[in-house]
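> Below is the sequence, then the predicted model.
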Amino acid sequence: MNAVARRLEEQLQARSAVVGVIGLGYVGLPLAVAFCRAGFRVIGVDADRRRLDGLSRGDSPVEDVSSLALGECLAGGRLRVTDSPASLGEADAIIICVPTPLSKSKEPDISHIVAAGDAVARVLRDGQLVVLESTTYPGTTEEILLPRFSGPARAVGEHFFLAFSPERVDPGNTTHTLRSIPKVVGGVTPSCKALAQTLYAQVVERVVPVSSPRAAEMVKLFENVFRSVNIALVNELAILCRRLGLSVWEIIGAAATKPFGFMPFSPGPGIGGHCLPSDPHYLAWKARLAGYEARFIAFADEINGGMPRYVVELAADALNARERSVKGSRILALGVAYKAGVGDVRDSPALDIIEALSDKGARVDYVDPHVPEVAAGRLALKSLAWEDAALGDYDLVIVLTAHPEFDARRLVSEARLVLDTRNLTGLLGPHEHVIRL
């Protein structure tokens, strides 16, 4: 480690370094606040002017950061939010947390990483550490960012430092938090890796070094492919169990008693959020470039992507069994967020289900305490309040997200017909008017 690296290491350990965070969403904002609370001065950069206005007022847009915690960071002067990447010239460590969506053809869209990399390149100076956290395909850090930062008089590991550390945020999870979730780190050089370890050691309990940025990038993709494939397996099991007259929830519960060799996953109406619908395709795309077809990823995507259609079929069958058609029926959807306890509707299967039911002629309302309004295709809807929703007025109530606020006993006692895709009513025993996935 040369003198430039040692100086930065001392600043990180003393927490006198300035940390810059690009992207203040579900990943970047909790990270920015964590560094603030650890004593660092933080510069947060985001291109969304509306988000910045809210942040400047102390209004947190994500569930994992309270407005109180955000306000304390702003009031103490340790957090400054701006739309100007030029301010990152002041930072000693810069962390990139920008979105990595898919194109319409399900290929990686790394335009946000490219834009962030170009912005950092314009202000990069000797002694800075840059870490990419955005989920991406193996090779991105070294193939996309490294050439932008390097030059005849600027060598990685000597003048500046570059690493990849995948985000592992689970929004709404109060058991496994940013601090308690181990942080994987891969650096372009040993000095890059050591400095990234020192940076994250200030805010997380354990840092796990790997051999390279490519290895760290692969770790994140493998984690999400593991989840996607196993969710697809249990979704297919749910369909099979219904054909065989079995309860998939009973089968999962009994199998989960095995103390080794089994990990329970739950079926549902489909996958959503900022990771699972997109991340496996980054690996599948990279595999195709290497001349290999990742078949498990494709099969999992096919099964998970078909679950919204399956739920619509179940809804139609449930109504038909009671001599009702979907057309003209009043249907209430409980939950439009992709998971419980959050307001994130990115790629939520609930939106596809609501849109499909509406296209078939149903009149659809929804309740979600975390999503006051939502667009589902051509529909623009506003949430009803759970306590005010007249459950008995609907021909069918569908549980799409099992938010803790939803009272299963009230649901079972008041609704005429329930389609439960999340096992919300599972602990209450069987009911003739409750149909479970």
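Yep, it's here.

> what about residue 390, neighbour count?
11 (other C-beta atoms under 10 Å). Every C-beta, even on glycine, is put in place using the N, C-alpha and C of the backbone.

> Make 44 the starting number, not 1.
Sounds good: first residue 44 from here, last item residue 433.

> Roughly how far does it sit from residue 450?
Distance check for residue 433 against residue 450: by C-beta to C-beta, to the nearest Å, it reads 15 Å.

> Then residue 430?
9 Å.

> quick one: which of the two has more around it?
Under the neighbour definition other C-beta under 10 Å, residue 430 and residue 450 were set side by side, and residue 450 has more, 13 against 10.

> Contacts only, for the more buried one.
residue 429 (C-beta atoms under 8 Å, 6 or more residues apart in numbering).

> Phi, psi for it please.
The phi/psi pair for residue 450 (degrees, to the nearest 10) reads phi -90, psi 110.

> repeat for residue 340
phi -60, psi -40.

> wait, what's in contact with it?
Contacts of residue 340 by C-beta under 8 Å, 6+ apart are 268, 271-272, 323-324, 326-327, 330.

> just curious, which of the residues you listed is nearest to residue 191?
Each of the contacts of residue 340 was checked against residue 191 using C-beta to C-beta; the closest is residue 326, at 23.6 Å.

> Tell me how many other residues crowd the closest one.
There are 21 residues near residue 326, going by other C-beta under 10 Å.

> can you check residue 292 too?
When neighbours are counted by other C-beta under 10 Å, residue 292 comes out with 17.

> per-residue confidence at it?
Looking at residue 292, its pLDDT is 96.

> Contacts only, for it.
466, 469, 479.

> separation between the first one and residue 432?
Taken as C-beta to C-beta, the spacing of residue 466 relative to residue 432 amounts to 21 Å.

> got it, and the second one?
With the distance defined as C-beta to C-beta, residue 469 ends up 21 Å from residue 432.

> if you count what's nearby, which of these two comes out ahead?
residue 432 (21 against 17).

> tell me the pLDDT at that one?
pLDDT, residue 432: 96.

> What separation do you get for the residue nearest to it when sequence neighbours are not counted and residue 457?
The spatially closest residue to residue 432, leaving aside those adjacent along the chain, is residue 410, at 5.4 Å (C-beta to C-beta, 6 or more residues apart in numbering). Noted for residue 410: a distance of 13 Å to residue 457, by C-beta to C-beta.

> Between the two, which is the more surrounded one?
residue 410 (23 against 16).

> Next, that one: phi, psi?
The phi/psi pair for residue 410 (degrees, to the nearest 10) is phi -130, psi 120.

> in the sheet, who's paired with it?
In this entry, residue 410 is beta-bridged to residue 377, residue 427, by DSSP bridges.

> The stretch 144-293 of the chain: helices as residue ranges?
Using DSSP state H, counting those that start in this stretch, the helices found in the stretch 144-293 of the chain span residues 154-166, 183, 189-192, 233-244, 256-287, 291-298.

> Go through these and name the closest to residue 115.
helix 233-244 (22.0 Å).

> tell me the angle of the closest one relative to helix 256-287?
Counting by axes from the mean of the first three to the mean of the last three C-alpha atoms, to 10 degrees, helix 233-244 points 60 degrees away from the direction of helix 256-287.

> Now for residue 436: which residues touch it?
By C-beta under 8 Å, 6+ apart, the neighbours of residue 436 are residue 373.

> how close does it sit to residue 406?
Counting by C-beta to C-beta, the gap from residue 436 to residue 406 is 11 Å.

> Quickly list what's touching both of the two.
Common neighbours of residue 436 and residue 406 (C-beta under 8 Å, 6+ apart) are residue 373.

> Walk me through the domains of this protein.
46-254, 270-479 (automatic domain parsing).

> Just the endpoints, please. Distance across the longest one?
End-to-end span of domain 270-479 (C-alpha to C-alpha, to the nearest Å): 22 Å.

> go on, the first one?
Distance between the two ends of domain 46-254: 23 Å, counting by C-alpha to C-alpha.

> now it, how far from the centre of its chain.
Averaging C-alpha positions (C-alpha atoms, centre = their mean, to the nearest Å) puts domain 46-254 17 Å from its chain's average.

> same deal with the longest one?
Taking the mean C-alpha point of domain 270-479 and that of its whole chain, the gap between them comes to 17 Å (C-alpha atoms, centre = their mean).

> picking that back up, now for the domains of the chain, which one comes closest to residue 263?
domain 46-254 (3.3 Å).

> In space, what's closest to the most centrally placed residue in the chain - neighbours in sequence excluded?
Closest residue to the average C-alpha location of the chain: residue 317 at 3.7 Å, with C-alpha atoms, centre = their mean. Using C-beta to C-beta, 6+ apart and skipping the chain neighbours, the partner closest in space to residue 317 is residue 389 (5.5 Å).
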